[in-house]
Structures are given as structure tokens and as C-alpha cells.
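Q: What shape does this take:
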Amino acid sequence: MKKYSTLRILLIGFLFAVSSSFLSSCEDSVSDPEPEPEPGETEESFVLSLAYQGTEGTFTYYTVPFDDVMTGSLSAVGQGLDHLGYYTYNQVDDAIYATGGFELTDIIAITKTDEGELIETGGISSFDNSLQDVVKAEDGKLIGIEMSSDSDVIALHQIDPATVTLENSTFTAASNLSDSTSAYSGMVQTGDYLFVSYYASNPTSFATTLTDTARVAVFSYPGLEFQKVIKDDRTGPIGGFGTLSGLIKDENGNVYALSHSNPANGYSQFTKDPAILRIDSGESEFNEDYLFDFNEITEGKTTAHMVYLGDNKVFVEMNTQDRSEQVIWSDGPLQPAIIDLTSQTINYIDGVPDHAGSGRKLAATSLWDGEYIYLVVPENETSYVYQIDPENYTATQGAEVQANFVAGFFKL
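A: Model (predicted):
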């Protein structure tokens with residue numbers, strides 16, 4: 001059995017602790033029926049993965065459907081599919097994929113029947129290490145990655161999304177990426193390439209002493225064979241601890257790489273200005289003419305969280321403190337905003353209080369349904385859903401969420 005660092009577990013626990021505390025049930029408010037459905041109410045179910053901490057510090061995740069996320073309160077007590085341990089969640093098309101972490105190495109697909117019931121399929125647990133992430137390739141396959149400090153190889157897996165079975169695996173020496181231990185931070189597939197971002201992190205102390213260069217590993221697709229590492233010294237490492245949003249892709253196949261070196265997201269030092277780089281569609285090198293300089297555009301504020309919305313717009317959670325003021329591992333305080341990658345502008349969302357994150361992938365913990373963004377925000381001792389309009393940069397407070405934190409926010 002693999003050994004896991006006590007410090008790593010404590011750090012994860014600290015990130016969870018900044019999320020909202022579980023509250024006792026409260027009565028739903030009752031109002032007269034309206035002729036039209038309220039915002040957030042739809043025949044198409046929302047699905048939330050809610051985490052509850054047990055008496056011994058362990059977490060159980062309950063994945064539960066809700067028809068309405070804008071009124072009343074949301075709780076998983078007595079319902080939902082449950083997973084005990086540490087899980088991350090990703091939606092791909094009409095399925096949610098739960099992948100286990102630490103000693104858990106499984107992947108489970110969650111789908112909804114015609115009757116609205118959630119069911120599980122898969123449960124593959126034959127990986128040597130936990131899958132760090134699962135993303136969708138352009139041919140519809142799932143790509144999973146093992147990139148563990150306990151292993152000297154990086155494993156890439158093609159997975160059939162319907163049957164949740166392995167189709168192909170390749171293994172690359174971790175030393176191809178760096179002489180030091182590398183931590184995974186993001187992955188996208190476009191055209192003939194699969195890009196993997198990472199940063200150097202000591203597996204015992206989690207110190208990040210190599211912060212002067214951005215690095216991205218390039219693999220072939222669909223072969224998944226290692227090609228090279230591309231570097232850019234205009235900014236620092238790509239991505240950070242837990243957020244898995246070091247790389248995003250637009251509808252034209254361009255890849256954007258986020259560098260922040262935030263202490264709030266696990267960096268022990270920062271030596272370069274924060275920025276976003278771009279790899280143009282069909283290319284396998286950084287575009288030397290593109291640089292989104294956070295210091296010029298946001299007066300030094302940074303983000304570790306990105307979700308691509310379309311038309312070069314990106315939903316982000318901006319850290320409102322300068323890097324020199326951030327509390328390490330705090331993942332906060334945060335403010336939601338919309339960034340335009342072309343005009344290089346930023347617009348903050350009105351109506352959302354400063355809040356902490358949970359150190360997780362924003363594409364999993366928020367929902368973009370093509371019209372609104374839904375995000376659960378912890379406020380003091382409780383949490384609420386916020387419905388965000390990305391066109392006018394406003395937000396409406398919705399239902400109360402009764403859970404320690406939200407691990408996933410989806411619509412099936």
C-alpha cells in the first residue's frame with residue numbers, strides 16, 4: 001500500500017476547513033406560485049456533489065439531483081449516491097466522473113435515467129495511483145492521468161466514456177519533465193497534441209523552489225507518446241495545487257496557460273510576474289507575441305481558477321490580496337470576475353461577497369449552463385448558491401446549501 005504524507009492530508013484538511021460548516025436543517029420559505037418558473041428552476045435537473053465531514057475527520061460525498069437551486073435549502077441528508085474517502089468530480093457530456101484520491105484509485109460514472117434517477121457504472125480501480133484528472137478529448141474519449149510523487153513514471157490512459165473501460169495506456173519517465181518532483185496542474189487535448197502542465201513541488205515539504213519558468217509537457221494524440229517540454233521565462237510555473245486549471249482551451253483549439261505562483265494556492269515563493277500564455281491551435285510552442293500580464297490589467301491581483309465560457313471569455317475567481325499578503329494554502333479571499341482574453345480586460349461580478357475557495361477545480365464546483373453561472377459561496381457560517389449573469393456582471397443569491405463544502409455542481 002502506498003504511503004501518504006501527513007502534511008499533504010493536513011493541507012487538504014485546511015483547505016476544506018475554510019469552506020462552509022454544516023448547518024442543521026431549516027424550514028424552506030413558502031411563497032405564492034408564480035405563473036413562470038423562477039430562475040434556476042427547470043425540468044432538467046441540477047446535480048450537486050455535497051461533502052459532509054464525519055466524526056473521525058473523514059468525508060462522505062453525496063451526489064444528489066435538485067430541480068431548483070434558487071429557493072429554499074439544499075441538503076443531501078437521506079438521499080443521493082454516496083462515496084466515502086476523497087473524490088473529485090468532472091462532468092463530460094451527460095455523465096459525471098468521480099475519481100478517487102489518496103489510497104483510492106477508482107473512476108465511477110454517474111448518469112441519470114429517463115425517470116430522473118442517478119445510477120453508477122464503471123468503478124475501474126486497476127490504476128497504480130489515483131487519477132489526477134479526467135478530461136474529454138476531441139474524439140470523445142476520456143483521458144486520465146496518473147502523476148504521483150510516489151512514482152517515477154507518468155501514466156496516460158484512454159478510457160471509453162460509455163463503458164468506463166481502459167482502451168490504451170502509455171508510460172513516460174517523470175524525469176523527461178523535470179529533474180525535480182513534478183506536481184500535475186492541468187491537461188487539454190487539441191488537434192495532434194495533448195498538453196500537460198505541471199510545477200516543481202517537494203513531496204515532503206511542498207516547497208516550490210523552481211518558479212522562474214513556465215513548463216508544459218507535449219504528448220502526441222491519439223498516441224499519447226511524449227514529445228517534448230516547452231518553456232517560457234516571461235512568467236513562472238503553470239497552475240497550482242488542487243485547482244487543476246493550469247490549461248484551458250477555446251473553441252478554435254487555442255490553449256491558454258495560467259501562471260500565478262500564489263502562496264494561497266500552495267507556492268512557497270514567487271519570482272516572476274503572473275500571466276497567461278497562449279499556444280496557438282495546431283502549434284506546439286508558446287506564442288511569443290501573446291502575454292496577458294496580470295500586473296497591467298488587474299493591478300497585481302491574480303487567479304488560480306479559470307473556466308472557459310466561449311467567445312474568448314473566461315470565468316475566474318480573483319484573489320483579492322496581493323501575493324505578498326496572501327496566507328499560504330488559504331485559497332482566498334476570492335471575488336468572481338469575467339476576463340476577456342482578446343481585449344485583455346476584467347469585469348468583477350457585483351453582489352457576491354468576498355469568500356474562500358475549496359482548493360478545487362472551478363469547472364467542477366461551478367456550473368456554466370450557457371446562460372448563467374452557478375457558484376456556491378460560503379458566507380460566515382453558511383453557504384448560498386449565486387446565479388451569475390456574465391453579460392451584465394451581476395449576481396442573485398439563491399438557495400442555502402447545507403454541507404461542509406460543494407465538490408461538484410452540474411446539470412444532466
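Q: Show me where the stretch 301-412 of the chain has its strands.
A: Along the stretch 301-412 of the chain, the stretches classed as strands by DSSP state E, counting those that start in this stretch are 302-310, 313-319, 334-340, 345-348, 366-368, 373-379, 382-389, 394-402, 405-411.
Q: closest to Gly144 out of those strands?
A: Among the strands of the stretch 301-412 of the chain, strand 405-411 comes nearest to Gly144, with 17.1 Å by C-beta to C-beta. Glycine gets a C-beta too; all of them are placed from N, C-alpha and C.
Q: now that closest one: mean pLDDT?
A: Taken as a whole, strand 405-411 carries a mean pLDDT of 96.
Q: Does anything pack onto it? Which helices or strands?
A: Counting contacts by 3 or more C-beta pairs under 8 Å, 6 or more residues apart in numbering; DSSP states H and E, strand 405-411 packs against strand 41-53, strand 87-92, helix 362-365, strand 366-368, strand 373-379.
Q: Relative to Glu296, which of these is closest?
A: Set against Glu296 and scored by C-beta to C-beta, the helices and strands packed on strand 405-411 come closest in helix 362-365, at 23.4 Å.
Q: Pull the distance from the closest one to the chain's centre.
A: Put simply, helix 362-365 sits 5 Å off its chain's centre (C-alpha atoms, centre = their mean, to the nearest Å).
Q: what's the spacing between the residue nearest in space to the middle of the chain and Phe286?
A: Centroid-nearest residue in the chain, with C-alpha atoms, centre = their mean: Lys361, separated by 1.1 Å. Look at Lys361 and Phe286: by C-beta to C-beta, to the nearest Å, they are 23 Å apart.
Q: Tell me what angle the host helix or strand of Met187 forms with strand 302-310.
A: Using DSSP states H and E, Met187 falls within strand 182-190. Computed with axes from the mean of the first three to the mean of the last three C-alpha atoms, to 10 degrees, the direction of strand 182-190 lies at 20 degrees from that of strand 302-310.
Q: pLDDT of strand 182-190, averaged?
A: 97.
Q: which outside residues touch it?
A: 132-133, 135-138, 143, 145, 147, 149, 174, 194-201, 221, 237-241, 243-249, 253-255, 257-258, 281 (C-beta atoms under 8 Å, 6 or more residues apart in numbering).
Q: among those residues, which are in strands?
A: If you go by DSSP state E, these have 133, 135-136, 143, 145, 194-200, 247-249, 255, 257-258 in strands.
Q: returning to that earlier point: could you say which one of the helices and strands packed on strand 405-411 comes nearest to Ile108?
A: strand 87-92 (8.5 Å).
Q: Can you give me the pLDDT of Asp133?
A: pLDDT, read off for Asp133, is 96.
Q: can I assume it is in contact with Tyr89?
A: No. Applying C-beta atoms under 8 Å as the test, Asp133 and Tyr89 come out as separate, 11.3 Å apart.
Q: Need the residues touching each of these two.
A: Common neighbours of Asp133 and Tyr89 (C-beta under 8 Å, 6+ apart) are Thr99.
Q: between those two, which one's more packed in?
A: Remark: of Asp133 and Tyr89, Tyr89 carries more neighbours, 26 against 19, as counted by other C-beta atoms under 10 Å.
Q: who's in contact with Ala407?
A: 49-51, 61, 87-89, 358, 360, 364-365.
Q: Nearest spatial neighbour of it, chain-adjacent residues omitted?
A: Ser49 (4.3 Å; C-beta to C-beta, 6 or more residues apart in numbering).
Q: what about that neighbour, distance to Glu379?
A: 20 Å.
Q: The two: which is more packed in?
A: Ser49 (27 against 15).
Q: OK, contacts around that one?
A: Contacts of Ser49 (C-beta under 8 Å, 6+ apart): 61-64, 87, 89, 96, 98, 406-410.
Q: And it, how close does it get to Leu74?
A: 12 Å.
Q: intersection of neighbour lists for the two?
A: Val64.
Q: Can you report how many residues lie near the closest residue to Tyr386 other than its chain neighbours?
A: Among residues not flanking Tyr386 along the chain, Ala395 sits closest, at 4.7 Å (C-beta to C-beta, 6+ apart). Residues near Ala395, counting by other C-beta under 10 Å, number 20.
Q: Same question for Val164.
A: 19.
Q: How about it, nearest residue that isn't a chain neighbour?
A: Using C-beta to C-beta, 6+ apart, the closest residue to Val164 is Gly122 (2.9 Å).
Q: correct me, but the one you found touches Ile110?
A: No. Applying C-beta under 8 Å, one finds Gly122 not in contact with Ile110, separated by 9.2 Å.
Q: okay, those two: which has more neighbours?
A: Ile110 (23 against 20).
Q: give me the element that one is part of.
A: strand 107-112.
Q: Give me the buried positions along that strand.
A: 107-110, 112 (16 or more other C-beta atoms under 10 Å).
Q: Can you add pLDDT and distance to Pro390 and give those residues back as TSV?
A: As requested, the buried residues of strand 107-112 are exported to TSV (pLDDT from 0 to 100; distance: C-beta to C-beta, whole Å):
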residue	pLDDT	distance to Pro390
Ile107	95	31
Ile108	94	31
Ala109	96	29
Ile110	96	27
Lys112	94	26
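Q: With distance to Gln344 added, can I get those residues in CSV?
A: Below are those laid out as CSV (distance: C-beta to C-beta, whole Å):
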residue, distance to Gln344
Ile107, 38
Ile108, 40
Ala109, 39
Ile110, 38
Lys112, 40
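Q: ok, so of those residues, who is nearest Phe226?
A: Ile107 (22.9 Å).
Q: and that closest one, what does it touch?
A: Counting by C-beta under 8 Å, 6+ apart, Ile107 has contacts 97-100, 122-125, 131, 134, 144, 159, 164.
Q: Any figure for the gap between it and Ile276?
A: 30 Å.
Q: same thing with Thr105?
A: Thr105 is 33 Å from Ile276, by C-beta to C-beta.
Q: what do you get for Gly332?
A: 21 Å.
Q: can you check Leu291 too?
A: For Leu291, the distance to Ile276 - C-beta to C-beta - is 8 Å.
Q: Between the two, which is the more surrounded one?
A: Using other C-beta under 10 Å as the criterion, Leu291 and Ile276 rank with Ile276 on top: 24 against 17.
Q: pretty sure that one belongs to a strand, no?
A: Yes. According to DSSP: H, G, I helix; E, B strand; the rest coil, the state of Ile276 is that of a strand.
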